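S.K.: Could you look at this predicted model? Sequence included:
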Amino acid sequence: MSKRIYFAGPLFCTAERDYNTAVRDALAAAGFDVFLPQESSLNIDKGCMDDPVKKTEMGTKIFGKDLDEVRNADILVINLDGRVPDEGACVELGYAYALGKPCFAIKTDVRTAEFGVDNLMTSGAVGNRIAGSVDELVRMISSCSD
């Protein structure tokens, strides 16, 4: 049976969404079933973002859906690229870690947050399993999920 992966990361611009899709495609080619929040069945109605009540309702639905998907996943992968990791992705990582799910990271960005190393909390939550490339990530997850 295929392991289900929740892919946590930023998804707010075309470059981020395209990268997430490329990572998802590589993991799917390796036999994993990957959930990308950006492809959720909850499509954001951008028109509702001007209405505070509808905006809050949409946020509540997205929050609940994403937590359900983390619970249903076997594995979480977080994208740590960027000046700092995406805040929502960090919440998802913490939740998956608290549920006892194996967590992995991909980081191709050379920037670090503290003292020349990655944030100690995110590194700890992924058990220092931080891949430097998509190929390395696929190998890392495959070797731990057999």
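M.R.: That came through fine. Numbers count the residues shown, from 1 in each chain.
S.K.: all contacts plus neighbour counts: C-alpha atoms, from now on.
M.R.: OK.
S.K.: What segments of the chain are helices?
M.R.: With DSSP state H as the criterion, the chain has helices at 14-29, 52-72, 87-98, 120-125, 134-144.
S.K.: Compute the inter-axis angle for the lowest-mean-pLDDT helix or strand in the chain and helix 87-98.
M.R.: Sorting the helices and strands of the chain by mean pLDDT, DSSP states H and E puts helix 52-72 at the bottom, at a mean of 89. Counting by axes from the mean of the first three to the mean of the last three CA atoms, to 10 degrees, helix 52-72 lies at 40 degrees to helix 87-98.
S.K.: distance between helix 52-72 and the chain's centre?
M.R.: Relative to its chain's centre, helix 52-72 lies at 15 Å (CA atoms, centre = their mean, to the nearest Å).
S.K.: Buried ones in it, by neighbour count?
M.R.: 55, 58, 62, 65-66, 69-71 (16 or more other CA atoms under 10 Å).
S.K.: what packs against it?
M.R.: strand 4-8, helix 87-98 (3 or more CA pairs under 8 Å, 6 or more residues apart in numbering; DSSP states H and E).
S.K.: Need the winner for burial among those.
M.R.: Per-stretch averages of neighbours, counted by mean count of other CA atoms under 10 Å, single out strand 4-8 among those, with a mean of 25.
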